[in-house]
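*Asks:* 3D model of this:
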Amino acid sequence: MNLGYLTGFSEDELKIASSIGFDGLEAHAKTIEDPSKAKELAAKYGITITALAHYDAGNKPASERIPAYKAVAEKCAVMGVGCIATLTGGDPDKGLEDNVAQWAETFKEVAKIAEANGVNIAFENWPGLRGFPPVKSSTFGFHPKAWEMMFNAVDSPVLGLEFDPSHLV
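*Replies:* Residues are numbered from 1 along each chain as shown. Below is the predicted model of the structure:
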C-alpha cells in the first residue's frame, strides 16, 4: 500500500511528497508532458505514481473521449502506472439509462485500449453536485444502481471503482 495524494505532476511536488513521508502520488495526466522523464523523476524521489487522473469526463461524445483516454493509457504504459482514475461524466438533463448508454459507447472502446496497455480504469464515486437545490449531477457513477448498470453494459476486467469515502459526506 502507498500513502499519497492527488496532485499535479512536477519535480517540486515529488520533492515535497518525499520530504514529508509520502511514497505515492496520483498525478493529473494532463500535467505530464514526457512520461519517460516523469517515470525517472518519480524513481529519483522514491515516489510511486499510483494512478494517472483523467477527470475531464464531462458530457462529451465518444469521438472526443476515446482518443483522450487512449493518450492517458499510453502514458500509463510508458510510466508503468497501472490505473487511470476518472469520473463517468454525464448529461445532468438525461436519466440514468441514457447516461449509461452514452458512457457504454465510450467505454466499450476505452476498455479495449486499457486492456491492450495493461491499465485498469477506476471510476470515482464523486456525485458532482454543485449549487443550490434543486441540483443536478455532472456525473452519474456514484451509487450502486449506476455501478450495476455500468458494469452490465460493459463487462471488462479492467473497469472498476475508486472508493473515496469523503464523497459520502
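
*Asks:* Give me the helices and strands touching the strand ranked longest in the chain, please.
*Replies:* Using DSSP state E, we find that the single longest strand of the chain is strand 48-54. Helices and strands touching strand 48-54, by 3 or more CB pairs under 8 Å, 6 or more residues apart in numbering; DSSP states H and E, are strand 4-7, strand 24-28, helix 35-44, helix 62-79, strand 83-86. For glycine as for every other residue, the C-beta is placed from the backbone atoms N, C-alpha and C.

*Asks:* Would you tell me which one of these is buried the most?
*Replies:* Ranked by mean neighbour count, those are led by strand 83-86 with a mean of 24 (mean count of other CB atoms under 10 Å).

*Asks:* model confidence over that one, on average?
*Replies:* Mean pLDDT, strand 83-86: 98.

*Asks:* One more: stretch 34-48?
*Replies:* Averaging pLDDT along stretch 34-48 yields 98.

*Asks:* Kindly report the same for stretch 5-14.
*Replies:* Mean predicted lDDT for stretch 5-14 stands at 97.

*Asks:* So what would you say the end-to-end distance of it is?
*Replies:* 11 Å (CA to CA, to the nearest Å).

*Asks:* buried set for that stretch?
*Replies:* Buried residues in stretch 5-14, defined by neighbour count with 16 or more other CB atoms under 10 Å: 7, 9, 13-14.

*Asks:* Between those, which sits nearest residue 73?
*Replies:* Minimum distance to residue 73 across the buried residues of stretch 5-14 is 16.5 Å, recorded for residue 9 (CB to CB).

*Asks:* Apart from its neighbours in sequence, what residue is nearest the closest one?
*Replies:* residue 27 (4.0 Å; CB to CB, 6 or more residues apart in numbering).

*Asks:* Which positions are bridged to the one you found in the beta structure?
*Replies:* residue 7, residue 52 (DSSP bridges).

*Asks:* Identify the residues contacting it.
*Replies:* 6-9, 38, 49, 51-53 (CB atoms under 8 Å, 6 or more residues apart in numbering).
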